[in-house]
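Asker: Okay, here's the prediction I keep looking at, along with the sequence it came from:
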Amino acid sequence: MTHEVIASTGIDAAGLAEDEYPLGTDMVLNIGPQHPSTHGVLRLKLVLDGERVVSAEPVIGYMHRGAEKLFEARDYRQITMLANRHDWLSAFSNELGVVLAVERMMGIAVPDRAVWLRTALAELNRVLNHLVFLGSYPLEIGALTPVFYAFREREKIQAVLEEASGGRIHYMYNRVGGLKEEVPLGWTRRTREAIGEVRKTLPDLDILIRRNEIFMARTVGIGVLPAEQAAAFGASGPVARASGLDFDLRRDEPYLAYGDLDVPVVTRTTGDCHARFECLLDQVYVSLDLAEACLAKVDQLSGPVNVRLPKLVKAPEGHTYAWTENPLGVNGYYLVSRGERTPWRLKLRTASYANVQALTTLLPGTLVPDLVSIMGSMLFVVGDVDK
Amino acid sequence: MKGIGLAKGLAVTLKTMTRRATTRQYPDVEPELPPRTKGVIALIEENCTVCMLCARECPDWCIYIDSHKEEVVVPGAARARQRNVLDQFTIDFSLCMYCGICVDSCPFDALHWSPEFEYAEYDVNDLLHGRDRLREWVLTVPAPPAQDANGAPAKEQAAAEKALAAAAAKAAAQAEAGTEDGNGRM
């Protein structure tokens, strides 16, 4: 962290009206960028008045890898590999967006078994993603223990995903037209067992932190994001739903097998840090139920999990926009093709990017210690912000 | 009541304290990895025809292949045939993204995943695995897991069953022809 004390007339304090602080000295405090794996790689430029944040500007781009440009020089199977990395906590769901877009363009009908397996895996991926935040968020505000419980649960789900796809983080299990290969024998049973175990032991994490007085003191009423502002910034996912925006693509614009499932949408109305945390926690239970329902259906379906593809997979000329309800919110891929093996343009709309923008209005007026609470609860992955 | 959340949390801690830890002491206890685990890529050189598909399909181009052509004189053939001979096959595991597209795209089953993962190096250059190291990994490649019976059989399995059926049919036909032959002679 660098400290910089400058006069309010300085250019770095731009955005502050001079008459607001005619004589005082404001502190411009940089938070981050620090390490690529922490929230720190998002740089926040704060103007402080004592302990109070006067203005906050998220400076993004420190992790920009040019994913969209790289997409333009890769075929669709290779894009899947790149796409599952921008949000490294929801690799499966990211892959899904790309293949859904290409399948729609090519008019490929994905076999039922693949659709239901994908849905199950997407929900398991959601559980994995949420468990990271359920562990890391309390950690960020000083509760060391929950992360161990969260990762204990994660390991169980990760084991079944690794068994099917071979990957622990970057699955590469989606292909245009279905899945890479059939799941191993007995996989659905083992996955059901894993879900059962998680369901049995998840209350540990729940009891430990949800109603913990210290945790409540740090989060209740802190960082309230009104519904209008959440909508204005394009926030989505648990962040928006915690503010009362009852919007979930799984229910409102069903893709995969969600149309045949009853998707309960977890919402809160208070829009504070605690509401966001609760949304996350309750969504895990919902996702476990959904995954189990999908697995039951998978066991009734037989047939292939992918289709025979032409030797060269080319999306026909045109464009489409595929959006999915990723764990962190709405994830969209705008695919423009000129009929070649590579897309002409593949624009990414990521949930984290929109969620981070809301910090600009969320932070001013809060105290510095609350800043950590708010940042952690806004649910973003910096790779997903910077692309 | 104040403090009830803390008390409940402490109860969880107490409960966990009485249970065995779920932690496994990694270097002492080896992890059990499923056969599909993407640990390292093994090369069965004999299967490689230097078609370069893997090197071209690799999203970050971390496979380096060199080869030369050799003439093979086939007795009875009008012209000598040309054959690709592999000189170099190197995978740069410092670049590899572990997507498995090369393993997927190899039409001759020369590349396979192995769950081995303990090949960290002090020098990044040592992450270039040449032919010899890639061959060593072959010994660690596990058999693929059986697939869910509800799904369609794997391509390899279907092909093997077809070949088996064809061989059986051929053998049956031969046996039939043989008995007819024998009958005719008798």
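Answerer: Sure, I can see it.
Asker: got the buried residues for stretch A:240-257?
Answerer: Taking 16 or more other C-beta atoms under 10 Å in any protein chain shown as the neighbour-count basis, stretch A:240-257 is seen to contain the buried residues A:240-245, A:247-251, A:255-257. No exception for glycine: its C-beta is placed from N, CA and C like everyone else's.
Asker: can I get those in a markdown table with secondary structure?
Answerer: Formatted as a markdown table, the entries for these read as follows, by DSSP: H, G, I helix; E, B strand; the rest coil:
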| residue | secondary structure |
| --- | --- |
| A:Ala240 | helix |
| A:Arg241 | helix |
| A:Ala242 | helix |
| A:Ser243 | coil |
| A:Gly244 | coil |
| A:Leu245 | coil |
| A:Phe247 | coil |
| A:Asp248 | coil |
| A:Leu249 | helix |
| A:Arg250 | helix |
| A:Arg251 | helix |
| A:Tyr255 | coil |
| A:Leu256 | coil |
| A:Ala257 | coil |
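Asker: Out of these, which comes closest to chain B?
Answerer: Comparing those against chain B with C-beta to the nearest C-beta places A:Ala257 closest, at 16.0 Å.
Asker: residues contacting that closest one?
Answerer: A:Ala257 makes contact with A:115-116, A:118-119, A:294, A:297 under the criterion C-beta atoms under 8 Å, 6 or more residues apart in numbering or on different chains.
Asker: And the most centrally placed residue in chain A, how far from A:Asn94?
Answerer: Closest to where the C-alpha atoms of chain A average out (C-alpha atoms, centre = their mean) is A:Leu328, at 2.6 Å. Taking C-beta to C-beta, to the nearest Å as the criterion, A:Leu328 is separated from A:Asn94 by 10 Å.
Asker: Identify the contacts common to the two.
Answerer: Taking C-beta under 8 Å, 6+ apart as the contact rule, A:Leu328 and A:Asn94 both touch A:Asp87.
Asker: In chain B, which residue is most central in space?
Answerer: With C-alpha atoms, centre = their mean applied to chain B, the nearest residue to centre is B:His112, 1.9 Å.
Asker: Then that one would be within a strand, right?
Answerer: Yes - note on B:His112: a strand contains this position according to three-state DSSP.
Asker: doesn't B:Thr140 make contact with it?
Answerer: No - here B:His112 lies out of contact with B:Thr140, judged by C-beta atoms under 8 Å, at a distance of 9.5 Å.
Asker: Overlap of the contact sets of these two?
Answerer: The contact sets of B:His112 and B:Thr140 overlap at B:Ala42 (C-beta under 8 Å, 6+ apart).
Asker: pLDDT score for residue 130?
Answerer: You didn't say which chain, so I picked chain A. Here, the pLDDT recorded for A:His130 equals 93.
Asker: Chain B is the one I meant
Answerer: Here the pLDDT value assigned to B:Gly130 is 90.
Asker: try the one 10 residues further on
Answerer: The confidence metric pLDDT takes the value 91 at B:Thr140.
Asker: list the contacts for it?
Answerer: Applying C-beta under 8 Å, 6+ apart, one finds that B:Thr140 lies in contact with B:40, B:42, B:114-116.
Asker: So which residues on chain B come close to chain A?
Answerer: Those residues of chain B that sit near chain A, judged by C-beta under 8 Å from any C-beta of the partner chain, are B:2-6, B:8-9, B:11-13, B:15-16, B:22, B:33-34, B:36-38, B:57, B:59, B:97-101, B:104, B:113, B:145-152, B:154.
Asker: 7 Å - rerun?
Answerer: For chain B, the residues in contact with chain A (C-beta under 7 Å from any C-beta of the partner chain) are B:2-3, B:5-6, B:8-9, B:12-13, B:22, B:34, B:36-38, B:59, B:97-101, B:113, B:145-152, B:154.
Asker: I'd like to know which of the residues you listed are part of helices.
Answerer: Among those, the ones falling in helices (DSSP state H) are B:5-6, B:8-9, B:12-13, B:101.
Asker: Quick one, which of these are buried?
Answerer: When these are checked for burial by 16+ other C-beta under 10 Å, the buried set is B:5, B:8-9, B:12, B:101.
Asker: Before I go, just wanted to say thanks for your time.
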